[in-house]
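Q: Okay, structure incoming, though there's no sequence with it:
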């Protein structure tokens, strides 16, 4: 086999040897159903077919990752399997599994590997989906996540979200810097190194770049960095006063930013190189926290023009503005869902802050969190079924996620320091 070119060394190369569908997914269940039971799935350790009776740490680790990647979608539970159940002819249905995932791996030298995975319906032994992947050994996690996301697609008709990232701010070094982690809270890395205060990280629509605001030069300036590297970041707006809270348009060519260049905090449409295209608001109170609708036709933002902070909607074609929220005396940090159907935001309830969602055309909001502590800065998952936010309790701030149809608050594990300003990435390339 020829060696991979360097360009492909960072890309998971896929060749399919099993196919369970052609152009359409088999939609098995409605995951929005209130009475949906979790699907039990068995995932025994992956095996090296040259040593089928040996359970290795590598094979166990890959199975564990697959289980986490499936379970994070909320409608799958991983049932425990004993070491003896690694027998591929085991009666998985008798063990309580509706489905089983079977994986084989084969190392092709020091860096390369081949991974074959099948997802099987235990009721009739029919394979739902099977794939073969070839890639450098370092990309095994990408291959497993890709397969798991394909499984979710086969079961629901919507691609999974296991290959996404969370950008956030942490004070673990003593300064507030931007970090990046996967949704499982693993493989965290530091993005900025300004030794100052950094806030409001925002992904570009394709997830390849991150915009944020840093105070390290004494002024809140707006920066942009490519996430494929960790050395270079460039300032795109350093006007006197505020340059904060960037909101990317869907085409990735423009963003809406809050500037205070005229003394008042107003919204401006600018290119990603910092050139102002037009001013969107003008001296009608403080205007901050913009969030685009997925179609780029509307913009949600916060203004205190009515006396206290509320969420407003601007029609970007007519430039007309309407007030969205009326309940409560402080509503902030709107975030438009990727499917365009809901806006999540932070609302004050008594002395605490809680997470709400509301339809962009108005109506009564729904309060999602009702617990002690403060819950702030919601950001949607790409499938519009979950949100991530920060939770503050006893002086400790932590990232958590929640399903819109559920009530359980799920902390993101393994992250250090106090965490704030979470931003969920779009689906990323594998």
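A: All right, it came through fine. This is a predicted model, so every value here is computed, not measured.

Q: Surely residue 183 and residue 167 touch.
A: No - look at residue 183 against residue 167 with C-beta atoms under 8 Å: they stay out of range, at 11.6 Å. Where you see a C-beta, it was placed from the backbone N, CA and C, and this is true even at glycine.

Q: low pLDDT regions in the stretch 151-300 of the chain?
A: By pLDDT under 70, the stretch 151-300 of the chain has no low-scoring segment.

Q: With the stretch 1-150 of the chain instead?
A: If you take pLDDT under 70 as the line, the stretch 1-150 of the chain has these spans: 1-36, 82-86, 108-111.

Q: how about the strands in it?
A: 13-15, 39-42, 76-79, 99-107, 112-121, 126-136 (DSSP state E, counting those that start in this stretch).

Q: Residue 424 - how many residues pack around it?
A: 23 (other C-beta atoms under 10 Å).

Q: next SSE after the longest helix seen in the chain?
A: Under DSSP state H, the helix in the chain containing the largest number of residues is helix 140-156. Downstream of helix 140-156, the next assigned helix or strand under DSSP states H and E is strand 165-170.

Q: Pull the residues that contact that next one.
A: By C-beta atoms under 8 Å, 6 or more residues apart in numbering, the residues outside strand 165-170 that reach it are 176-183, 191, 198-199, 201-203, 207, 210, 388, 390, 399, 412, 415-425, 428.

Q: Take those and keep only those in strands.
A: 177-182, 198-199, 201-203, 210, 388, 390, 399, 419-424 (DSSP state E).

Q: can you list the domain ranges for the chain.
A: For the chain, automatic domain parsing gives the domain ranges 6-156, 165-424.

Q: measure stretch 239-254 end to end?
A: Start-to-end span of stretch 239-254 (C-alpha to C-alpha, to the nearest Å) is 17 Å.

Q: Contacts for that stretch next, please.
A: Residues from elsewhere that reach stretch 239-254 (C-beta under 8 Å, 6+ apart): 199-200, 202-206, 211-213, 219-222, 237, 255-261, 263, 265, 269-272, 277, 288-292, 294-296, 299.

Q: Show the buried residues in the ones in strands among the contacts of strand 165-170.
A: 177-182, 198-199, 201-203, 210, 388, 390, 399, 419-424 (16 or more other C-beta atoms under 10 Å).

Q: buried ones in stretch 130-143?
A: 130-136, 139-143.

Q: didn't residue 347 look like it was pressed against residue 366?
A: No - Residue 347 lies out of contact with residue 366 (C-beta under 8 Å); the separation is 10.8 Å.

Q: Tell me if I'm right that residue 161 and residue 73 touch.
A: Yes - assessed by C-beta under 8 Å, residue 161 is found in contact with residue 73 at 7.1 Å.

Q: what sits in contact with each of those two?
A: residue 152.

Q: hang on, the earlier thing: quick one: which of the strands of the stretch 1-150 of the chain is nearest residue 330?
A: Across the strands of the stretch 1-150 of the chain, residue 330 has its closest neighbour in strand 76-79 (37.9 Å, C-beta to C-beta).

Q: Quick one: list the elements packing against the closest one.
A: strand 39-42, helix 57-71 (3 or more C-beta pairs under 8 Å, 6 or more residues apart in numbering; DSSP states H and E).

Q: What's opposite residue 376 in the beta bridge?
A: residue 390 (DSSP bridges).

Q: in the sheet, who's paired with residue 419?
A: Legend: beta-bridge partners of residue 419 under DSSP bridges are residue 170.

Q: so who does it touch?
A: Residue 419 sits in contact with 168-170, 390, 397-399, 412, where contact means C-beta under 8 Å, 6+ apart.

Q: let's go with 7 Å and repeat that
A: 168-170, 390, 397-399 (C-beta atoms under 7 Å, 6 or more residues apart in numbering).

Q: ok, now residue 329?
A: Contacts of residue 329 (C-beta under 7 Å, 6+ apart): 308, 348.

Q: how does it look with 6 Å?
A: With contacts defined as C-beta atoms under 6 Å, 6 or more residues apart in numbering, residue 329 is in contact with residue 308.

Q: Spell out the secondary structure type for it.
A: Per DSSP: H, G, I helix; E, B strand; the rest coil, the secondary structure class of residue 329 is coil.

Q: how far away is it from residue 309?
A: 8 Å (C-beta to C-beta, to the nearest Å).

Q: ditto for residue 166
A: As for residue 166, its distance to residue 309 is 26 Å (criterion: C-beta to C-beta).

Q: Mind checking which of those two has more residues around it?
A: Under the criterion of other C-beta under 10 Å, the comparison of residue 166 against residue 309 puts residue 166 first, with 26 against 23.
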